[in-house]
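Chemist: Output the structure for:
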Amino acid sequence: MKAKKILFLISMCFLFTTIILPAQSRVTDLACEHLTDPLGIDASYPRLSWKMNKEKKGARQIAWQIFVDSDSMKIVKGAATTWNTGKTSSDKQLIVYAGRSLQPFTKYYWAVKVWDEEGKAIISKVSTFETGMMQMKNWKGQWIKDSRYVNLKPAPLFRKAFSIDKKIVSARAYIAVAGLYELYINGNRIGNHFLDPMFTRFDRRTLYVTYDVTNELKTGNNAVGVLLGNGWYNHQSESEWFIDKAPWRSRPIFCLDIRISFSDGSIQTISTGDGWKTTPGPLLFNSIYSGEQYDARKEEPHWNEPAFDDKKWSTVAYRGAPSQQIVAQSMNPITGAEKILPVSMNKINDTDYVFDLGRNIAGISVLKINGAAGTVIKAKHGERLYSNGKVDVSNIDIFFTPADSTDLFATDTYILKGDGNNETVQARFAYYGFQYVEVTSSKPINLTKESLTGIFMHSDVPKTGGLNSSNPTLNKLWAAANNSYLSNLMGYPTDCPQREKNGWTGDVHLAVETGLYNFDGITVYEKWLADLRDEQNPNGMLPGIVPSPGWGYVNYNNPDWISVLAILPWNIYLFDGDSKPLLDCYAAIKRYVDHVDETYPSGLVPVGLGDREAIHSKAAVELTSTVYFYEDALILANAAKLFKQQADYEKYSALAVKIKSAFNQKFYHKNIWSYGSGYQTELSAALYWGLVPDEDKARVAATLAESVSKDSVHLDIGVLGNKTILNALSENGYAELAYQLISKETYPSWGYWMVKGMTTLPENWNMQSSMNHIFLGEISAWMYKALGGIKPDPAFPGFKNILLHPYFVSGLDHFSAEHESPYGTIHSSWKREGDKIMYTVTVPANATATITLDIKNNQSLYKDGTRQTVRNETYHSTIMSGTYQFEIK
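Modeler: So this is what the prediction gives:
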């Protein structure tokens, strides 16, 4: 709290050293590496960004000046020496640090001054970032563990007591773990994260986390404690995807440095190594996939406090670092982002209770219970109920092979110590996908609806989007897509939070726009892109799941799924204006595209997973895989142009032309304006991904519209068609038909799920498998793009220029969309008032928009009350920042 007051006073001092402008003119949202005041970063050249908030029309930034220094008073005086850029004429709001070399373990203060279009200066408040280890050589601690036996089940406890005899100024804990952990100091758990550190290819890259523990330490006696869990590092159940046979598998290990700075300028580091003790704890078994077993009778009270007697504990074992890359976990952590109270409780009998959260989530349940010592409590989590009211996991346990008879799927097992107080049944190192929790007991117990709480866990990414419409089905679909997206963001994007928990590559690119319109997930995506690069073989091959223990390289290394390597960083560039993820992946994309080109020199790719979950008609695999190969080549050519790699630009542009020509020769039936067998996915994929000759797009789109109409405006697609069908229709003159398709409520359709009460998106149309997948979730992104009309402009990425083209479809009375872009909030909303349509748009400061509106011949268009010129039933104009009111009547 004291530090925050000091920073506030520094900020205020800095503000008053320059021109004070009206409240609506501000510089806000300062971020370093896309995080607010990050702690423990390793970046030598971190990215600094900000937003300019000014409501006046035409507001823009004409120059900036950045101040960085480890001395906060130099920031106040405008005399920073670590980096002082001077006034720089530029409208950029994302800048790569280029000052003096940053030092490890150092807190830097920074601020930015910008000049607006009137030449007036606006100053930000002071922000901070703090470096971490920066290099592996700066670690003091040793890697320790309890045993060499990977099948030993009890989770180990570790502790060390130490003393401090000086006045503490600051203290940081740096902990790197292969496995999972909970960190304690003087009996208090440190931080609010779950499932740290995030899953990586452990033998190639290991993450560490930094904590500010200044207020946890005290002069005198102290103690640090660590509880280790298996996570994906030591998977003890058999796995369909060979996680139990992973090349990295070993007993969980960790390395810890607590670095303490004193008032006399000296440093003391408490590290893992000599003096550490370990013992098996009461957590008898833990599996991130299946669940946990905990015996509260085996607890050792105060084990993580200074006065505890650890003479009976064992000395620790040592081993080398699990990888040669121990790097900072610079990303939004997993938290218990939302607590959910049950909507009902069904008492089946006095030993069996079923709780209903009313919605499907990923996370854990927290049960408060009091009972006799030795009573065995089991909390089973699932998405469905049997007809008798009990939890049914038959749709999600199909790949589960237990370690032994006590390993139960999606279940917490807890043995009460029975001390007369409420005890807490809660997983530490596992999570589940569920709506229902069935609590059973070996003895009669008394529970109420208030006894249990659901914890919705996911990477705590900021919200960046919002939608609302007059159609409740659309609103429900948007909310369900968000729930599924977050349920499958656990430090890496997953397919489902219960049955697999795998980082399926295709699922990620199919949902990338839905993710980026609604959430700022760049830190999670950047981490996962590093996972992709870690997994790539020298010949360019990648597995179908990432991270991978070696599974998925042979049958899943195909463009329809692996295109995520290009599509994800390209979309980050479009949405955030940040080219670093694309540059980081550039060489990897080249290797993969070259590998596919060498393997299939004709340009046609005959292998792939294809249009999975297709309803009736499955598109030809060669067609869809070739489409994605074309997109890879196109993105690579564009990236080469961006990074001024002329030879690569020419090479991959020519490759894209070759693929497109081969594709049309093989699949295009020009005599009937159709592709392949004329299935919805085949037609829409060719249109959406740009393989249809420009002069034929209207006719092919008409063929697609006819196909949809023949199916009574119902879907006949799988996951790949889900990405393309709505976009292909709306972008080619059939927005009305696309809206009819998305708002359809009879099977098969997205709306049918909402009629059936779904609160997340299922894996397939008949809802017979996982109830929480995101790869059928393009619907959310389409609402932003078509009904809200908000798209990024590739020529001016990061929504520096916004492409606005909303479709005012029949049957919808109002629609509103907002997206928090790197420049501020974009707002696009419209409503019908009798025969009129009122359209309101807000363009944030320092951005522009290219607006296109479809106006019928018998209609007139007014902007802020002034009649506008409309040509060929289209209004096209560029507008500066500000809020504008359009009226069509």
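Chemist: going forward, measure contacts and count neighbours with C-alpha atoms only.
Modeler: Fine.
Chemist: Just the strands from the stretch 351-500 of the chain, written as ranges.
Modeler: 352-369, 376-382, 384-385, 391-392, 411-415, 423-425, 432-441, 452-459, 465-469 (DSSP state E, counting those that start in this stretch).
Chemist: who's in contact with the last one?
Modeler: Under the criterion CA atoms under 8 Å, 6 or more residues apart in numbering, residues 475, 478, 517-519, 784, 812-820 lie in contact with strand 465-469.
Chemist: Listing partners with orientation, what would you give for it?
Modeler: Using DSSP bridges, strand 465-469 pairs in its sheet with strand 814-821 (antiparallel).
Chemist: Over to the fifth one?
Modeler: Strand 411-415 has these partner strands in its sheet, going by DSSP bridges: strand 291-295 (parallel), strand 376-382 (antiparallel).
Chemist: what's the distance between it and the middle of its chain?
Modeler: 30 Å (CA atoms, centre = their mean, to the nearest Å).
Chemist: Show me the strands in the stretch 601-750 of the chain, by range?
Modeler: Going by DSSP E, counting those that start in this stretch, the stretch 601-750 of the chain shows strands at 668-669, 674-675.
Chemist: With G281 as the reference, name the closest of those strands.
Modeler: Among the strands of the stretch 601-750 of the chain, the nearest to G281 by CA to CA is strand 674-675 (62.1 Å).
Chemist: Just the mean pLDDT for that closest one, thanks.
Modeler: The average pLDDT for strand 674-675 rounds to 98.
Chemist: hmm, back to that, got the strands of the stretch 601-750 of the chain as JSON lines, with mean neighbour count and distance to Y628 columns?
Modeler: Converted to JSON lines, the strands of the stretch 601-750 of the chain look like this (neighbours: other CA atoms under 10 Å; distance: least, CA to CA, whole Å):
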{"stretch": "strand 668-669", "mean neighbour count": "18", "distance to Y628": "16"}
{"stretch": "strand 674-675", "mean neighbour count": "25", "distance to Y628": "16"}
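Chemist: For these, give me CSV that also has distance to K791.
Modeler: What follows is those, written out as CSV (distance: least, CA to CA, whole Å):
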stretch, distance to K791
strand 668-669, 29
strand 674-675, 27
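Chemist: Which among these is found nearest to I168?
Modeler: Going by CA to CA, the one of these nearest I168 is strand 674-675, 71.2 Å.
Chemist: related to what we said a few turns ago, pipe the strands of the stretch 351-500 of the chain into CSV and attach mean pLDDT, mean neighbour count and distance to A59 per row.
Modeler: Putting the strands of the stretch 351-500 of the chain into CSV (pLDDT from 0 to 100; neighbours: other CA atoms under 10 Å; distance: least, CA to CA, whole Å) gives the following:
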stretch, mean pLDDT, mean neighbour count, distance to A59
strand 352-369, 98, 22, 42
strand 376-382, 98, 24, 52
strand 384-385, 98, 19, 53
strand 391-392, 98, 20, 57
strand 411-415, 98, 26, 56
strand 423-425, 98, 20, 54
strand 432-441, 98, 26, 46
strand 452-459, 98, 24, 34
strand 465-469, 98, 19, 23
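Chemist: now the ones you listed in a markdown table, with distance to P748?
Modeler: Formatted as a markdown table, these follow (distance: least, CA to CA, whole Å):
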| stretch | distance to P748 |
| --- | --- |
| strand 352-369 | 21 |
| strand 376-382 | 25 |
| strand 384-385 | 21 |
| strand 391-392 | 24 |
| strand 411-415 | 33 |
| strand 423-425 | 40 |
| strand 432-441 | 24 |
| strand 452-459 | 29 |
| strand 465-469 | 22 |
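Chemist: Figure out which of those strands is closest to I95.
Modeler: Using CA to CA, the nearest of these to I95 is strand 465-469, at 24.3 Å.
Chemist: How far does that closest one sit from its chain's centre?
Modeler: That offset, for strand 465-469, works out to 19 Å (CA atoms, centre = their mean).
Chemist: Same check on stretch 315-334?
Modeler: With CA atoms, centre = their mean, you get 22 Å for stretch 315-334.
Chemist: Do me a favour and get the end-to-end distance for that stretch?
Modeler: One end of stretch 315-334 to the other measures 32 Å (CA to CA, to the nearest Å).
Chemist: buried ones in it?
Modeler: Buried residues in stretch 315-334, defined by neighbour count with 16 or more other CA atoms under 10 Å: 315-318, 321-322, 326-334.
Chemist: likewise stretch 236-251?
Modeler: For stretch 236-251, the neighbour count (16+ other CA under 10 Å) marks Q236, S237, E238, S239, W241, I243, D244, A246, W248, R249, S250, R251 as buried.
Chemist: which ones are touching the last one?
Modeler: Which is R251. Counting by CA under 8 Å, 6+ apart, R251 has contacts K145, D146, S147, R148, Y149, V150, N230, Y233, N234.
Chemist: Would you agree the second one is in contact with G281?
Modeler: No: when contacts are counted by CA atoms under 8 Å, D146 is not listed as touching G281 (11.2 Å).
Chemist: Pull up the overlap in contacts between the two.
Modeler: In contact with both D146 and G281: P156, using CA under 8 Å, 6+ apart.
Chemist: From D29, how far off is I837?
Modeler: Distance from I837 to D29, by CA to CA: 34 Å.
Chemist: can you tell which of the strands paired with strand 411-415 is closest to T272?
Modeler: The nearest among these, by CA to CA, is strand 291-295 at 26.4 Å.
Chemist: Can I get that closest one in CSV, CA atoms only?
Modeler: The C-alpha atoms that make up strand 291-295 are tabulated as CSV, following Å, rounded to 0.1, in the frame of the first residue of the first chain:
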residue,chain,number,x,y,z
GLY,A,291,-8.6,-35.5,-10.0
GLU,A,292,-7.2,-35.6,-6.5
GLN,A,293,-7.2,-37.7,-3.3
TYR,A,294,-6.6,-35.9,0.0
ASP,A,295,-6.4,-37.3,3.5
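Chemist: out of the contacts of R251, which are buried?
Modeler: By 16+ other CA under 10 Å, the contacts of R251 give K145, D146, S147, V150, N230, Y233, N234 as buried.
Chemist: wait, the last one sits on R249?
Modeler: Yes: here N234 lies in contact with R249, judged by CA under 8 Å, at a distance of 5.2 Å.
Chemist: How many residues are close by E613?
Modeler: Other residues near E613 number 19, with proximity taken as other CA atoms under 10 Å.
Chemist: And it, how far from G721?
Modeler: In terms of CA to CA, E613 sits 10 Å off from G721.
Chemist: Okay, buried residues for stretch 113-126 please.
Modeler: Here stretch 113-126 shows K113, V114, W115, D116, A121, I122, I123, S124, K125, V126 as buried, counting by 16+ other CA under 10 Å.
Chemist: quick one: what helix or strand has the residue lying closest to W143 once chain neighbours are set aside in it?
Modeler: Closest residue to W143 apart from its sequence neighbours, by CA to CA, 6 or more residues apart in numbering: C255 at 4.7 Å. For C255, the element it lies in under DSSP states H and E is strand 253-262.
Chemist: picking that back up, check the contacts of strand 465-469 and tell me the two furthest apart.
Modeler: Pairwise distances across the contacts of strand 465-469 (CA to CA) peak at 26.5 Å, for the pair F519 and D813.
Chemist: out of those two, which sits in the more crowded spot?
Modeler: The residue with more neighbours, out of F519 and D813, is F519; 21 against 16, by other CA under 10 Å.
Chemist: who's in contact with the more buried one?
Modeler: V461, P462, K463, T464, G465.
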